[in-house]
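Undergrad: pasting the structure only:
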């Protein structure tokens, strides 16, 4: 009887150890290993751009004598060439101006459209919202030909203003859809109380809805700024002079001469050009996630 009673006790002591081992191994295989692979794949391009930006040409052209994944003799020659021997500061300023201008226009138009579709509740409003979102699915490679004709007719070719006016054609649809989903999460009773007190629709939008929709507006702004900053097709088609080019187009067309690629300057330009977007995301990532959650759950 004593042996019979003691045996289950030993098994009971071994069971938690086995479960803990299985749980730790499962956590490693299902969470940490995929997460580590994801982080490695995500950050490796930035690491490659960083080390290439500080490598001298001798290390860039001779991988047999130098480790391609490390820097033996770091140099600032590529960054100095980019900032002082090219028009990169002007390209960066133009890109910032275009991104801020197009983002502002898109947010204003998207806010008014989303509020009208979601709150005014006119006949056919759900179909209007669906139609606006479907417009976002039209590829830019199809639209840039008719848009080029319009830009030329208005005399805006080779001007950053053309990009500021053209970018909202693909920014407004998605931002409107995003804000519609976020406006749904705001209780309508708040606006009904304001209407009873005699407030107009514009007063309700300015004093009640917009303050509550700040996370959604920030998310739409980040989305618009990122797409405007990285856009390539329209900037390549509508801008011709080197001084008015944006960073994505300029580093590819101005830093490549024939079959000669200035890899150090190219990677330095790409790295510096990605920093503003990374800073925006790091500052407002909480608002971005909360707004997307509010849009999807509705």
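TA: Noted; the coordinates are in hand. Predicted, not measured: the structure shown is a model, and the values here were computed from it.
Undergrad: need the pLDDT of residue 96.
TA: The confidence metric pLDDT takes the value 93 at residue 96.
Undergrad: can you check the one 5 residues further on too?
TA: According to the per-residue confidence, residue 101 scores 95 in pLDDT.
Undergrad: list the contacts for it?
TA: For residue 101, the contacting residues are residue 164, taking C-beta atoms under 8 Å, 6 or more residues apart in numbering as the criterion. All C-beta spots, glycine's among them, are computed from the backbone N, C-alpha and C.
Undergrad: ignoring the adjacent residues along the chain, who's closest to residue 158?
TA: Nearest in space to residue 158, with sequence neighbours left out and distances taken as C-beta to C-beta, 6 or more residues apart in numbering, is residue 240 at 4.7 Å.
Undergrad: wait, I meant residue 224
TA: Across the structure, with C-beta to C-beta, 6+ apart as the measure, the residue nearest residue 224 apart from its sequence neighbours is residue 103 (4.1 Å).
Undergrad: count the neighbours of residue 33 for me.
TA: The local packing of residue 33 (other C-beta atoms under 10 Å) involves 11 other residues.
Undergrad: try residue 59
TA: Once other C-beta under 10 Å is used to define contacts, residue 59 is seen to have 22 neighbours.
Undergrad: how much space separates it from residue 269?
TA: Noted for residue 59: a distance of 19 Å to residue 269, by C-beta to C-beta, to the nearest Å.
Undergrad: got the contact list for the residue nearest to residue 224?
TA: Neighbouring residues of residue 103 by C-beta under 8 Å, 6+ apart: 171, 221, 224-225, 228.
Undergrad: from these, which land in helices?
TA: With helices identified by DSSP state H, the entries of those that belong to them are 171, 221, 224-225, 228.
Undergrad: give me the nearest residue to residue 102, chain neighbours excluded.
TA: Computed as C-beta to C-beta, 6+ apart, the closest residue to residue 102 that is not its neighbour in sequence is residue 167, at 3.7 Å.
Undergrad: for that neighbour, give me its contacts.
TA: Under the contact definition (C-beta under 8 Å, 6+ apart), the residues listed for residue 167 are 98, 102, 106, 224, 227-228, 231, 234.
Undergrad: sorry, back to before: residue 94: which of the contacts of residue 103 is nearest?
TA: Using C-beta to C-beta, residue 228 comes nearest to residue 94 of the contacts of residue 103, at 11.6 Å.
Undergrad: thought the closest one was touching residue 96?
TA: No. Using C-beta atoms under 8 Å, residue 228 makes no contact with residue 96, being 9.7 Å away.
Undergrad: quick one, which of those two is more surrounded?
TA: Taking residue 228 and residue 96 together and counting by other C-beta under 10 Å, residue 228 has the greater number of neighbours (26 against 16).
Undergrad: quick one, what contacts that one?
TA: Shown here is residue 228, whose contacts under the criterion C-beta under 8 Å, 6+ apart are 98-99, 102-103, 163, 167, 171.
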